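**Student:** structure of the sequence below:
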Amino acid sequence: MSKIMWWGYLHSSGTIQVKRWFGDVKDYTDDCKDNPFVLEIVEPFEADNQEAARAYIENRLKDLLKSRNLNKGV
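**Tutor:** Model (predicted):
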């Protein structure tokens, strides 16, 4: 199975948003800049499917989630 590109972010509600990435850098830069709902961004990476992408993002954000006590989406 070919890998798919994903990116994601931690929403201010504490949920993790998992997004497909199709090559537009604006998706995770300009569109998220100064957005009060975006707390932290995980830049594009490869994963086989959405579940694997979510696990990757959760792993990258786990320390941040603990420090902010935001664990609704995990």
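
**Student:** may I see the buried residues of stretch 12-26?
**Tutor:** Neighbour counts over stretch 12-26 (16 or more other Cβ atoms under 10 Å) mark 16-19, 21 as buried. Every residue, glycine included, has its C-beta placed from N, CA and C.

**Student:** go on, stretch 25-43?
**Tutor:** Neighbour-count burial for stretch 25-43, counted by 16+ other Cβ under 10 Å, picks out 27-28, 32, 38-42.

**Student:** got a list of contacts for it?
**Tutor:** 7-13, 19, 21, 44, 56-57, 60-61, 64, 68, 70 (Cβ atoms under 8 Å, 6 or more residues apart in numbering).

**Student:** ends of it, how far apart?
**Tutor:** 9 Å (Cα to Cα, to the nearest Å).

**Student:** just give me how far it sits from the chain centre.
**Tutor:** On the basis of Cα atoms, centre = their mean, to the nearest Å, stretch 25-43 is displaced by 10 Å from the centre of the chain it belongs to.
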